[in-house]
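K.L.:
fold the following for me, if possible:
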Amino acid sequence: MRAPFRRFALAAVAAAIVALLPACTSSSSQGQDTGRAGASPVAPVPRAWSTTLAVPASENGGALSTSHTLTVPGDWTIRVWARVPDARIEVWTPEGDLLVSSPGGGNIFELRPSAAGTATVTTLLSHLTFPQGLAFAKFDGGWVLYVAESDQIDRYPWGSGGISGPRTVIAGGLPDLDSDGDDVHRAKDVTVAGDGTVYFNVGSSSNANPDDRTMSPQRAVIMAVRPDGSDLRVVERGVRNGEGLAVAPDGSVWTAVNERDNIPYPSHSAYATYSDAFGQVIQAYVNNHPPDEVVPVTAGRDLGWPYCDPDQDDSKPAGSLADVPLVANSVTNPGGRTLDCAALAPIEVGLPAHSAPLGITFLEGSKAPAPWSGGAVVAVHGSWDRHPPQAPAVLWLAWNASKGVLEPAVALVSGFENADGSFWGRPVDAVPGPDGALYVSDDSVGAIYRLVPASS
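P.N.:
The predicted model follows:
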């Protein structure tokens, strides 16, 4: 767990939650633009209402000097709680303070709630190499803090409300910058399973280059290691960029995956004015293909990247973002000659293409109110290659306990885009606090938002 306290048309929502959630919708199976300035990622939550983001005078500045309206569940409120530059992944300490990673500056900040309803920000760790993922767990009878730097996974002893000893590197020499020194999927997240096993991602070094599958060390994988640094291994491969990692109520580990960009058209059939669109990058197709992914981390599983792509057009019913089948990529795997995509397990949950999911957190066991406590939140960063853009949001996915699977998403918080489709904010993570509120990080404006349910 991160904290010790803590489906492109007509999506079909499982019967168990039909009464609670509306069906998710987006554009047609041909991938045509909707014409809106910014594409809504999924249907909003029931009883959603628009509310102004409250910005205390002490937290004003930059993009937050302007009034912004967000859509949240009915009667919830949202305000700026703290300003943290490049705020990314969050975790609560055993004492009830919030740690936030700031990769660009190499820092981990500690936020302590103040009587003014904001937070006091201090630096806990500095001079790290692009740190992102954070997780607390027990080890040898005491609390430890895991920090995922871009080149290694660290373990720090925690006691008396802070770091109480030297760092231990439990996985070093991890793939970081590419051979040209470019920053391509170098950020790593980390989570800890109930048995103490530490899971982390190693993103691909490219958009869709098969070489990543044979690199040493491998890229485009989810890895695991024991807390003492032994038994380092690849668990799941073909994972383009699984930056989000979290432990589900049944103990399984799940990852939120950023799929490929600028996907070529996979069929020799005519597309619009093209007599043979096979292998061409067509914007109207790219706009809604392929969906991003939320899947369990399963030993020996292959998600297929870059040979196989999730394709909701082949789902049953067509457009469903549950159990999305994998199909052969027209360029890297024509005709499925390199990898049989039909032999791979379908993607449990898809997200609209180019959502760019980052942090994922299961809410069971937190003080978040029902029904929200029976699901997970995923922060999506929004698109760069979709026209119109896929908007940033915080999504909620119900947990189907009888099947041990997440259901397709609805938007919990939306409205981070301007009228022209550009983004003023971009959520990265959302975690439940000990007070029942959700705390949402935003690296674009450097802020932590406190989202307070009506019952809190």
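K.L.:
which parts of stretch 214-228 are buried?
P.N.:
Within stretch 214-228, the residues scored as buried using 16 or more other Cβ atoms under 10 Å are 219, 220, 221, 222, 223, 224, 225, 226, 227. Placement of C-beta: from N, CA and C, glycine included.
K.L.:
same question, stretch 157-169
P.N.:
So, applying 16+ other Cβ under 10 Å, buried residues of stretch 157-169: 157, 158, 163.
K.L.:
just give me the closest of those to residue 453.
P.N.:
Nearest to residue 453 among the buried residues of stretch 157-169, counting by Cβ to Cβ, is residue 158 at 29.1 Å.
K.L.:
ok, the buried residues of stretch 214-228 vs residue 42, which is closest?
P.N.:
residue 222 (24.8 Å).
K.L.:
show me the beta-bridge partners of that closest one.
P.N.:
Beta-bridge pairing of residue 222 under DSSP bridges involves residue 201, residue 236.
K.L.:
also residue 155?
P.N.:
residue 146, residue 168.
K.L.:
these two touch, right, residue 442 and residue 429?
P.N.:
No - here residue 442 does not reach residue 429: they are 9.2 Å apart, not a contact under Cβ atoms under 8 Å.
K.L.:
pLDDT and distance to residue 135 added to the buried residues of stretch 214-228, as TSV?
P.N.:
Below are the buried residues of stretch 214-228 laid out as TSV (pLDDT from 0 to 100; distance: Cβ to Cβ, whole Å):
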residue	pLDDT	distance to residue 135
219	95	22
220	97	22
221	98	18
222	98	14
223	98	14
224	98	13
225	98	13
226	98	14
227	97	11
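K.L.:
kindly reformat those residues as a markdown table containing distance to residue 177.
P.N.:
Converted to a markdown table, these look like this (distance: Cβ to Cβ, whole Å):
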| residue | distance to residue 177 |
| --- | --- |
| 219 | 12 |
| 220 | 16 |
| 221 | 17 |
| 222 | 20 |
| 223 | 18 |
| 224 | 23 |
| 225 | 22 |
| 226 | 27 |
| 227 | 27 |
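K.L.:
what's the longest strand in this structure?
P.N.:
Criterion DSSP state E: the longest strand present in the chain is strand 405-414.
K.L.:
alpha carbons of that strand, as CSV, please.
P.N.:
Extracted as CSV, the C-alpha positions of strand 405-414 are listed here (Å, rounded to 0.1, in the frame of the first residue of the first chain):
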residue,chain,number,x,y,z
VAL,A,405,-11.5,-6.7,-10.6
LEU,A,406,-11.9,-3.0,-11.1
GLU,A,407,-14.9,-1.7,-13.1
PRO,A,408,-14.7,1.0,-15.8
ALA,A,409,-14.1,4.5,-14.6
VAL,A,410,-16.2,7.6,-14.0
ALA,A,411,-14.8,11.1,-13.4
LEU,A,412,-14.6,12.1,-9.8
VAL,A,413,-12.9,15.5,-10.3
SER,A,414,-12.7,17.3,-13.7
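K.L.:
and it, what does it pack onto?
P.N.:
Helices and strands in packing contact with strand 405-414 are listed as strand 69-73, strand 347-351, strand 375-380, strand 393-400, strand 427-432; criterion 3 or more Cβ pairs under 8 Å, 6 or more residues apart in numbering; DSSP states H and E.
K.L.:
good, wrapping up.
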